[in-house]
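Colleague: Here is the input, now give the coordinates:
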Amino acid sequence: MRRTTLALALSVLILVEIYGCGHAEQGIPSRSAEAQAAAASGCGRQAIERDGQCLGATPVEIRAREVRFRSKATAGGQLWLRGTITEPVGRPTGTKLPGVVLVHGSGPMGRDGWVTGDIKGHFERPIAVLRDIAEALSASGYVVLRYDKRTCTRRSDGLLDNELGQTERPSPHCGYPPEVALSATWQDLLGDVEAGADHLAAQPSVDSRDVILVGYSQGTTLALQARQKNGAPFREVVLLAGTFGPIDDVILRQVRWQLNIMAEHMPTQQLQGAIGRLSKTESTFRDIRAGQRDEREIFLNAPVSFWRDWIWATGQTLELLREREGPLFYMVGSDDQNACGQDHASFLGALKGKEDAEVALVGGLSHALHSRAEGSGRVHQAATRLIVKWLSRPGGLERGRDAQR
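Modeller: Residues are numbered from 1 along each chain as shown. Alright, predicted model coming up:
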């Protein structure tokens, strides 16, 4: 099993949610998922909890409806994006609710955000990360949009390919043309986030002045970069399980970690082959950074131009955080083998001194924000409770404004 995992990782970097690191940073205090959930008791503005979700004084019914919206005009062309809006039923007359746009991780993610595993291995059951978060937030008074990423296409054999060469479990929603995924640029993904926010803000039930971005994994960088119609950053962002630093550095760090822990169990010939493929990948990344590759060349199932822009965007994380004004919440699990304690420490340092920012390391949660030990198959209540509690914190942005204001 170990040999198979390493061979796959080093041949085409087939890594679920590709980027991250291996061990949680030592010396960073963390609490168990149960302790974090207890610390977040009260579910923010809500009074009771049921099935791990925050609800109101009486159980809150939520409804879901299919939507589609036009992407922004970019070099990749315009596209009708498809998604789902979930919202609580029976909002008080005369009020508008805060809106949340969920921003996907890497790969061919559909609107539910299925994650089948992380660097540490496959999960006992796949986790619908975005769907679980959307339902928890809607049960707590938020109107939530999640949509199918433009790289979410269906191959003729029913499997999904992403821009990194991963083959994933099909999503029933995915169906964009394959050429759309292959030609997708970073600016396309960024424009899709902004178009989704515009669409959500236009909904009758949503306060257009109160749209929040919640970025997951790769989506944390997109959430930081996205801009409102007036050109300003979104006032409030939540970053979940994001890494810190240029994506090529993070990928290579992860692969080296895998090689180090598995090398002693590999036959010499296989080890030499793995080292050779790693060296070739390092060389290609250096060429991309130096502008010595044709932008149309396909590397790991994505154009060189996409890798160039992704590397640049993730390299701006520190600057984006330092320049940012407005509330920000970053959360990662201590059992996250993709974005781990090293990234937590980097975010903690970058946000030091910002009174409206908070960083949380939640004990026992994986890259999918679930408990590997419990094997529940859902995002853990510790994660959803902390998100809701932070959004509804005392002194935070006013929610549920009068519709006439």
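Colleague: mean confidence for stretch 239-259?
Modeller: Averaged across stretch 239-259, the pLDDT comes to 89.
Colleague: Going by neighbour count, list what's buried in it.
Modeller: For stretch 239-259, the neighbour count (16 or more other C-beta atoms under 10 Å) marks 239-255, 257-259 as buried. Backbone N, C-alpha and C define where each C-beta goes, glycine included.
Colleague: shouldn't Arg65 be in contact with Ile85?
Modeller: Yes. Counting by C-beta atoms under 8 Å, Arg65 touches Ile85, with 5.6 Å between them.
Colleague: The two: which has the busier surroundings?
Modeller: Ile85 (22 against 9; other C-beta atoms under 10 Å).
Colleague: mind listing what that one touches?
Modeller: Going by C-beta atoms under 8 Å, 6 or more residues apart in numbering, Ile85 touches Ala64, Arg65, Val67, Val143, Val144, Leu145, Leu200, Gln203.
Colleague: Can you tell me which of the residues you listed is nearest Trp186?
Modeller: Nearest to Trp186 among these: Leu145, at 20.7 Å, using C-beta to C-beta.
Colleague: so is that closest one in a helix, a strand, or just coil?
Modeller: Under DSSP: H, G, I helix; E, B strand; the rest coil, Leu145 falls in the strand class.
Colleague: Spatially central, which residue of this structure would that be?
Modeller: Tyr216 (1.6 Å; C-alpha atoms, centre = their mean).
Colleague: Compute the distance between it and Asp336, please.
Modeller: Distance from Tyr216 to Asp336, counting by C-beta to C-beta, to the nearest Å: 12 Å.
Colleague: Which neighbours do these two have in common?
Modeller: By C-beta under 8 Å, 6+ apart, Tyr216 and Asp336 have these common neighbours: Ala241.
Colleague: Going by residue numbers, what spans are helices in this structure?
Modeller: Using DSSP state H, the helices of the chain run over 2-12, 33-39, 129-138, 178-183, 186-201, 219-225, 247-262, 268-289, 304-314, 317-323, 341-350, 381-391.
Colleague: With distance to Val100 as added columns, please give these in JSON lines.
Modeller: What follows is these, written out as JSON lines (distance: least, C-beta to C-beta, whole Å):
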{"stretch": "helix 2-12", "distance to Val100": "34"}
{"stretch": "helix 33-39", "distance to Val100": "21"}
{"stretch": "helix 129-138", "distance to Val100": "6"}
{"stretch": "helix 178-183", "distance to Val100": "25"}
{"stretch": "helix 186-201", "distance to Val100": "8"}
{"stretch": "helix 219-225", "distance to Val100": "11"}
{"stretch": "helix 247-262", "distance to Val100": "25"}
{"stretch": "helix 268-289", "distance to Val100": "34"}
{"stretch": "helix 304-314", "distance to Val100": "22"}
{"stretch": "helix 317-323", "distance to Val100": "20"}
{"stretch": "helix 341-350", "distance to Val100": "21"}
{"stretch": "helix 381-391", "distance to Val100": "8"}
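Colleague: so for stretch 149-168, what's the average pLDDT?
Modeller: Average pLDDT, stretch 149-168: 56.
Colleague: again, but for stretch 90-100
Modeller: Averaged over stretch 90-100, pLDDT sits at 87.
Colleague: from what I can see the residue nearest to the centre of the chain touches Leu102, true?
Modeller: Yes. Look at Tyr216 against Leu102 with C-beta under 8 Å: they come within range, at 6.9 Å.
Colleague: Can you pull the residues that touch both of these two?
Modeller: Gly113, Leu130, Ile133.
Colleague: Ramachandran angles for the closest residue to the second one other than its chain neighbours?
Modeller: What that stands for is Leu130. Nearest non-adjacent residue to Leu130, counting by C-beta to C-beta, 6 or more residues apart in numbering: Gly113, 3.0 Å away. For Gly113, the backbone dihedrals (degrees, to the nearest 10) come out as phi 70, psi 50.
Colleague: Would you mind stating the distance between Gly113 and Lys149?
Modeller: When Gly113 is compared with Lys149 (using C-beta to C-beta), they lie 9 Å apart.
Colleague: Find residues that contact each of the two.
Modeller: Here Gly113 and Lys149 share the contacting residues His104, scored by C-beta under 8 Å, 6+ apart.
Colleague: In terms of packing, which of those two has more residues around it?
Modeller: Taking other C-beta under 10 Å, Gly113 and Lys149 do not tie; Lys149 has more neighbours (31 against 27).
Colleague: pretty sure that one is in contact with Met109, am I right?
Modeller: Yes. Counting by C-beta under 8 Å, Met109 is a contact partner of Lys149 at 4.8 Å.
Colleague: What pLDDT is listed against Gly20?
Modeller: Note for Gly20: predicted pLDDT of 32.
Colleague: repeat for the one 4 residues further on
Modeller: Looking at Ala24, its pLDDT is 31.
Colleague: same deal with Leu145?
Modeller: 98.
Colleague: I'd like the distance between Arg378 and Ile133.
Modeller: Separation of Arg378 from Ile133 (C-beta to C-beta) stands at 10 Å.
Colleague: any chance of the shared contacts of Tyr216 and Leu102 in CSV, with pLDDT and distance to Arg235 too?
Modeller: Converted to CSV, the shared contacts of Tyr216 and Leu102 look like this (pLDDT from 0 to 100; distance: C-beta to C-beta, whole Å):
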residue, pLDDT, distance to Arg235
Gly113, 94, 24
Leu130, 97, 22
Ile133, 98, 20
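Colleague: Kindly indicate which of these lies nearest Glu264.
Modeller: Out of the shared contacts of Tyr216 and Leu102, the member with the shortest distance to Glu264 (by C-beta to C-beta) is Gly113, at 35.7 Å.
Colleague: Hmm, His104 and the closest one touching each other?
Modeller: Yes. Using C-beta under 8 Å, Gly113 is in contact with His104, at 6.1 Å.
Colleague: which residues do these two both contact?
Modeller: Shared contacts of Gly113 and His104 (C-beta under 8 Å, 6+ apart): Leu130, Tyr216.
Colleague: Contact partners for the spatially closest residue to Leu145 that is not a sequence neighbour?
Modeller: Spatial nearest neighbour of Leu145, chain neighbours left out: Leu200 (4.5 Å); criterion: C-beta to C-beta, 6+ apart. Each residue near Leu200 by C-beta under 8 Å, 6+ apart is listed here: Ile85, Gly99, Val100, Val101, Val143, Leu145, Val206, Val211.
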